[in-house]
Structures are given as structure tokens and as C-alpha cells.
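# one predicted model, sequence on top.
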Amino acid sequence: MSSSDGGAEQPWNRQRLRSTNERLLLDRLRTGGVASRAQLARETGLSKPTVSSALAFLEQAGLVREAGLRTPERGRVAVLYAPDASAGYALGIDIGRAWLRVALADLDGTVVARADVRNRARTSAAMADLVVATSHQVVADSGVAPAKVAHAVVGTPGVYDEAQRRVRYAQHLPGWGRAGLFDRMRDELGVPLAVHNDANLAALGEYTFGVGAGSRLFVYVMIGTGLGMGVVSEGRLFTGAHGAAGEIGYLPWAGPGHHKPDTPDTLEGAVAADAVVQAARELGMSGPLTAKDVFAAARAGDVAAVAAVRQEGERLAHTVAAVAAVLDPDLVVLGGGVGHSADLLLSTVRDTLRALTPLRPKVAPSTLGEDAVVLGAVATALGTARDVVFEQRSALT
């Protein structure tokens, strides 16, 4: 290579190295907390002049800020640096049959505004309108300039088919599988938007903010109107070849009583909220009933409700046994609407599991409750938002 060729490549190499150093320091500040120049040099192996130059650039770009002083017993006072969390924002959206939840978070993951509204939409178009209007309202309430929202993530039942631009398998949201629906929302929001399965996002939410933290391989089972599952391995979501990993509601049900007439033939039919209500009715409860009503009655000692809840626990144990045989998780988290009453289910699940299989992962309730999906959406959106903001700010400086 001639010297002229080397000279042509040098500025590009220098720029790439500078960008790598800046990102290294920014990531260290985000994960390790405030630090001084000297501390950053020690921990990253970069020279002090390199650290000083990179911090000056990051500060000019609005990506880091001074965060106080450290006064040692001897030596000079050191300036401390931290990421500027207000450099950008991420939007998390949870679309459920009963509720729509929207949260806006800064780059530290702190939620600065949110809204939980009843989903009274009768059509998919009305639901899309509700998502857009609520998201705009959340951003307006936060006082954040809309241009600073770098990325949005939507959690929805079913599986988003990127090639077809539509959701599949969202049977509890009529019309939700229409092609182009999310493209329209993306255009009207004016924010880059990604779509993910709600159980997958709940799993990531529980891993990032809840009981799944530090787990090597954990499974989140979402039991509500439907039945879904998210799998997080080594901190990463496992979605399968076509995004449908965890669609356990479609598994055939072959548990106790499956030969009886009118017994559900899928796991979702046997375990989801309607199954709890059906069991309670068969055992003698009457009147308007929801799964929430059945669990409330069981807490009060109603014999039929207690028996229906016990049946739910036994069927959940069969679900966990199947999952344990295939995935060998160290933790199974029960979440969703029915999962909120996991305290009534756990002893039956554990006792039945001991009788079913020698494979017995730890089973625990969700600690995030109804916030699991929206916080998982925020966590996922943040990953992209941080990259986008860094690239945008770097290009402008």
C-alpha cells in the first residue's frame, strides 16, 4: 500500500477509534455510575488525555454532564461525570384487550410520564387511533420535545410478521391482524417503532427490572385472556425461527380430564382466564363471573372457588413440567392477569410438579405485575434509543 493510500485511510481510522472510545466511556458511566477522569482511565485502560478528549466531546454533544465533585483527603478535587439522561427518550406501549399502557422514559430508564387507559376500542382502526392519541398525550404531559423521542416499542398479543407487515395469532383482538396497521401508527406517531410479542416483552421487563434479574435462563408464563410465554437466555430474548417461540397456548391439552366432553383441546383453553371461570361454574358458582371474581372468592374461603383455583394450579404445573423438559430453566415466573394471584396457586403448582417430574425449576410470582409488558417495552426501546441518540449527537458535533 502506498503512503498516499495510508494517509487517505488515517482520518477515517482516527474517527472510528475516537467514536469507539467515546462509546466505551459512555457505556461505562451508564453501567458503573458517576466517575472521574482518572477513574475512567484506570477502568478502561485509556490514557488520561484520551479520556479527557472523549469526555469533552461527549459533553459538547450533550451526552454526558458534570455530576459533582470528589474531594480526596490529598490531591486535587476531581470532577465527576454522568450520562445526560435527557439527551433522548424511549416510548414503551402495551396493547392489551382491556388496557392500553404507555410510558415515556429517559435514557437512564426512569419513567418520566405514563398513562393507563381503558381499551374501549371496538375496531382495530379505533385501537390504533387510541394508541397514537395516548402516546402523543404522554409525550405532551412530560414536557419533552417530541423530536427527542428516539424510539418506540409496542407490545401486542400474537407475533409480528415483518415481511407481511401484520400481526398473526392475535385472536383476542379482532381485526388486529390487518396489514399496514402498525405502519400507519408509525407514521402518525412520527417515531421509529418496533413491534414485539407481549409475553416476550414481559419476560424482558421481569429480567431487567424484576425477579428474573441475574437468571441464566428464565421463562415468563403470561396467564390472562390468553396464554403466552417469553424465554430469556443469558439476558437475550429467544424468539425462534419465525418469532413464535413461546406460543404455548397452541399446545394440545392432554392433562387430567381431557377425555371428558367439552374439555378444552389446547393448553390455552385449559389454563387461561376463561378456564378458571368455567371450572368455577362447573363446581357450583353462579352469576356474572370473571377469573378475578373467582380468585377473590377463593381468598374469602368459597369452597367452589378454592377447588377451581386448585385445578388451575394443577394445570399450570403440567405447563411448567412441559417447559422444564424442553428448556431446563432455572426460574419460571407466573404473570399476567391470573398470574397476579400466584400466591394462591404456588403451593398447588409446586406440590403437583413434585408428583409429575424430577425436573423442578424454581417457580415465582412476577414482581412487576401489570407493568411487566410496558416496562419490557421501555427496556427494549431504550436499547435502540441509546444507539440512535449517540449516532445522531455524534454526527452533529
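All right, it came through fine.
# export stretch 80-87 as CSV, just CAs?
C-alpha atoms of stretch 80-87 as CSV (Å, rounded to 0.1, in the frame of the first residue of the first chain):
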residue,chain,number,x,y,z
LEU,A,80,-17.4,13.6,38.3
TYR,A,81,-19.2,12.8,35.1
ALA,A,82,-22.5,11.0,34.4
PRO,A,83,-24.6,10.3,31.3
ASP,A,84,-27.1,13.1,30.4
ALA,A,85,-30.3,11.1,30.7
SER,A,86,-32.3,13.9,29.0
ALA,A,87,-30.4,13.5,25.7
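# wait, residue 97 touches residue 121, no?
No: with contacts defined as Cβ atoms under 8 Å, residue 97 does not count as touching residue 121, sitting 9.8 Å away. (Each C-beta comes from the backbone N, C-alpha and C, glycine too.)
# element containing residue 241?
Assigned by DSSP states H and E, residue 241 belongs to neither a helix nor a strand.
# what's the distance between it and residue 159?
11 Å (Cβ to Cβ, to the nearest Å).
# neighbour count winner among those two?
residue 159 (23 against 6; other Cβ atoms under 10 Å).
# what's the nearest residue to the more buried one if we skip its chain neighbours?
Nearest residue to residue 159, sequence neighbours excluded (Cβ to Cβ, 6 or more residues apart in numbering): residue 243, at 4.7 Å.
# residues in contact with the one you found?
159, 160, 161, 197 (Cβ atoms under 8 Å, 6 or more residues apart in numbering).
# centre of the chain to stretch 345-361, how far?
Taking Cα atoms, centre = their mean, to the nearest Å, the mean C-alpha location of stretch 345-361 is offset from the chain mean by 27 Å.
# helix, strand or coil for residue 243?
Classification of residue 243 by DSSP: H, G, I helix; E, B strand; the rest coil places it in coil.
# oh, that last question was meant for residue 232, not what I typed.
strand.
# let me know whether it touches residue 205 as I believe.
No: with contact defined as Cβ under 8 Å, residue 232 does not count as touching residue 205 (10.1 Å).
# who has more neighbours, those two?
Between residue 232 and residue 205, counting by other Cβ under 10 Å, residue 205 is the more crowded of the two (29 against 25).
# and after the one helix or strand the more buried one maps to, which helix or strand comes next?
Using DSSP H and E, residue 205 sits within helix 198-209. Using DSSP H and E, the next helix or strand after helix 198-209 towards the C-terminus is strand 217-223.
# okay, the contacts of residue 243 in TSV with secondary structure and pLDDT next?
Below are the contacts of residue 243 laid out as TSV (DSSP: H, G, I helix; E, B strand; the rest coil; pLDDT from 0 to 100):
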residue	secondary structure	pLDDT
159	strand	82
160	strand	83
161	strand	80
197	strand	91
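# need the max-distance pair from those residues.
The span of the contacts of residue 243, defined through Cβ to Cβ, is set by 161 and 197 at 11.5 Å.
# how long is stretch 349-363 end to end?
Length of stretch 349-363, first residue to last, Cα to Cα, to the nearest Å: 8 Å.
# likewise for stretch 201-219?
End residues of stretch 201-219 are separated by 12 Å (Cα to Cα).
# on that earlier part again, any idea how far residue 128 is from the residue nearest to residue 159?
21 Å.
# try residue 219
31 Å.
# and residue 114, that's in a helix?
No: going by three-state DSSP, the assignment for residue 114 is strand, not a helix.
# tell me the pLDDT of the closest residue in space to it that isn't next to it in sequence.
Using Cβ to Cβ, 6+ apart and skipping residues adjacent in sequence, the residue nearest residue 114 is residue 103, 4.0 Å away. pLDDT for residue 103: 98.
# any idea what residue 103 is bridged to?
residue 92, residue 114 (DSSP bridges).
# right, and residue 113 touches residue 134 too?
No: if you go by Cβ under 8 Å, residue 113 and residue 134 don't touch, sitting 11.1 Å apart.
# where do the helices sit along the chain?
3-32, 37-44, 48-60, 124-142, 181-189, 198-209, 267-271, 273-282, 291-299, 303-327, 336-339, 342-356, 372-396 (DSSP state H).
# pick the most deeply packed of those.
Burial of the helices of the chain is given as mean neighbour count (mean count of other Cβ atoms under 10 Å); helix 198-209 ranks first at a mean of 28.
# who are the packing partners of that helix?
Applying 3 or more Cβ pairs under 8 Å, 6 or more residues apart in numbering; DSSP states H and E, we find helix 198-209 packed against strand 89-95, strand 149-156, strand 217-223, strand 227-233, strand 236-238, strand 331-335, helix 372-396.
# adding distance to residue 364 and mean pLDDT, write those out as CSV.
Listed next are the helices and strands packed on helix 198-209 as CSV, based on distance: least, Cβ to Cβ, whole Å; pLDDT from 0 to 100:
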stretch, distance to residue 364, mean pLDDT
strand 89-95, 21, 97
strand 149-156, 21, 96
strand 217-223, 9, 95
strand 227-233, 14, 94
strand 236-238, 19, 90
strand 331-335, 6, 95
helix 372-396, 13, 92
